[in-house]
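Chemist: need coordinates for the following:
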Amino acid sequence: MLQQRTIKTLTRAVGVGLHSGQRVELTLRPAQPDTGIVFRRVELPEPVDIPITATAVVDTRMASTIGAGGAKVHTVEHLMSACAGLGLDNLYIDITAEEVPILDGSSASFVFLLQSAGVELQNVPKRFIRVTRPVEVREGEGHNLKWARLEPYHGFKLRFEIDFAHPAVDSTGQSVEFDLGSGNYARDIARARTFGFTKDVEMLRTSGLALGGGLDNAIVMDDYKVLNADGLRYDDEFAKHKILDAMGDLYLVGKPLLAAYSAFRSGHGMNNQLLRALLAQPDAWEVVSFDNERQAPTGFAQPARAW
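Modeler: Residues are numbered from 1 along each chain as shown. Modelled structure (predicted):
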C-alpha cells in the first residue's frame, strides 16, 4: 500500500513576510491521517483553522492567499511546494501572523525544516486526484496570451515557459520541465528564488506589498541585469521558480495530482482557475489510491530524497 505521510516531530521557523514585512513564527506539527494540510492562525483571540482546498484561495495578487472565517494566510505557495515535493499529506501549520515567512525566497528552507522533522509513514492509503482528460484555461491573444493545462499522466510532471522580455531573464533558460518521479525536487527545484524588478518595487510598496523583500530573499533586477552579488543559483532559475510556484499552487487542491501540467506565462491566479475548472468537471478526474506500490507511478513510493 502506498501510505500517507506526515512529519515525525514538530519543527519551527521565524522570519518576515515578503509583502507585509511582519515578523512571523511558524510551527509545523504532525497530523492524523486524512487531516490534510491545515493552516492555523494561532495569534487570534479565537484561533482559526484554514484547511487547504482550491476554493479556500481568496486572493492571487502577487501570491496565493487562503482564507476562512474572516482570517487569511498570504504567500502559502513556497511552503506548499515543499510539502508537494516531499509528498506530505497531513500537517498542521501554526502561524502567528497573516503571511508565511519568505525565508530565503525559495522552498529550500522549508524542505530542510520538514526533512529535519523526519517523514512518518501512516497506515492509511495515500489518495491522489487522477486527471482523466485534458482541462485548460487561457486568457488573452497574441502577445498577451497565457494558458495552463492539465492532461492525463501516470505520475506528476510540469513544464513551464516564461516570456518576460527582459535582458537578464531572456539570457537564461526560458522553458523548464520537471518530473517528480525521475527528478530530485530538493536539488533541482527547491532552491529557485522568487524574483522582482526594481521598477516594480516602489509601486508595490505604495500598495503595501513587498515590504519585507530584499536581496537576501529574492532575485532583484534593474532594467538590464541581476543585482544580487552572488548571481543565480541555476542557469534557468526564473523558469524553475515558476515550476516551484506551480507545484505549490496546484497542491492547494488538497491531494497530490496524477497529471501533466504545462503552462505559458501562467501565474497564481491562472493556476487556481485551472484547479477550479478541473473540479467543476467531475468526468475529468477521479480519486485513486494504490494497494500495490508497484502500480504507483515511479518515485512516489520512496521517501523523498534528501539533497
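Chemist: element containing residue 67?
Modeler: strand 65-68 (DSSP states H and E).
Chemist: how about stretch 198-211: buried residues?
Modeler: 201, 204, 209, 210, 211 (16 or more other CB atoms under 10 Å). (Each C-beta comes from the backbone N, C-alpha and C, glycine too.)
Chemist: I misspoke; the intended subject was stretch 31-51.
Modeler: Buried, per 16+ other CB under 10 Å, within stretch 31-51: 31, 33, 35, 36, 37, 38, 39, 40, 41, 42, 48, 50.
Chemist: format the buried residues of stretch 198-211 as CSV; extra columns: distance to residue 265, secondary structure and pLDDT.
Modeler: Formatted as CSV, these follow (distance: CB to CB, whole Å; DSSP: H, G, I helix; E, B strand; the rest coil; pLDDT from 0 to 100):
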residue, distance to residue 265, secondary structure, pLDDT
201, 21, helix, 79
204, 20, helix, 81
209, 21, coil, 76
210, 21, coil, 76
211, 26, coil, 82
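Chemist: before we move on, the earlier item: can you pick out the ones from the buried residues of stretch 31-51 that are in strands?
Modeler: Taking DSSP state E, the ones among the buried residues of stretch 31-51 that sit in strands are 37, 38, 39, 40, 41, 48, 50.
Chemist: in the sheet, who's paired with the first one?
Modeler: Going back to what we said before, that points to residue 37. For residue 37, the beta-bridge partners under DSSP bridges are residue 91.
Chemist: most residues in a single helix of this structure, which one?
Modeler: When the chain is parsed with DSSP state H, its longest helix is helix 237-251.
Chemist: who are the packing partners of it?
Modeler: helix 77-86, strand 156-161, strand 175-179, strand 195-197, strand 257-264, helix 268-279 (3 or more CB pairs under 8 Å, 6 or more residues apart in numbering; DSSP states H and E).
Chemist: partners of the second one, with directions?
Modeler: Its sheet considered, strand 156-161 pairs with strand 175-179 (antiparallel), strand 257-264 (parallel) by DSSP bridges.
Chemist: and residue 90, what does it touch?
Modeler: Neighbouring residues of residue 90 by CB atoms under 8 Å, 6 or more residues apart in numbering: 4, 5, 6, 30, 31, 32, 33, 34, 35, 36, 37, 122.
Chemist: my bad, residue 189
Modeler: Contacts for residue 189 (CB under 8 Å, 6+ apart) come out as 81, 85, 107, 178, 183, 240, 243, 244, 247.
Chemist: now residue 249, nearest residue through space, not along the chain?
Modeler: Once flanking residues are discounted, residue 249 sits nearest to residue 271: 3.7 Å by CB to CB, 6 or more residues apart in numbering.
Chemist: residues in contact with the one you found?
Modeler: Shown in contact with residue 271 (CB under 8 Å, 6+ apart): 60, 64, 148, 245, 246, 249, 250, 263.
Chemist: please redo it, this time with the cut-off set to 7 Å
Modeler: 148, 246, 249, 250 (CB atoms under 7 Å, 6 or more residues apart in numbering).
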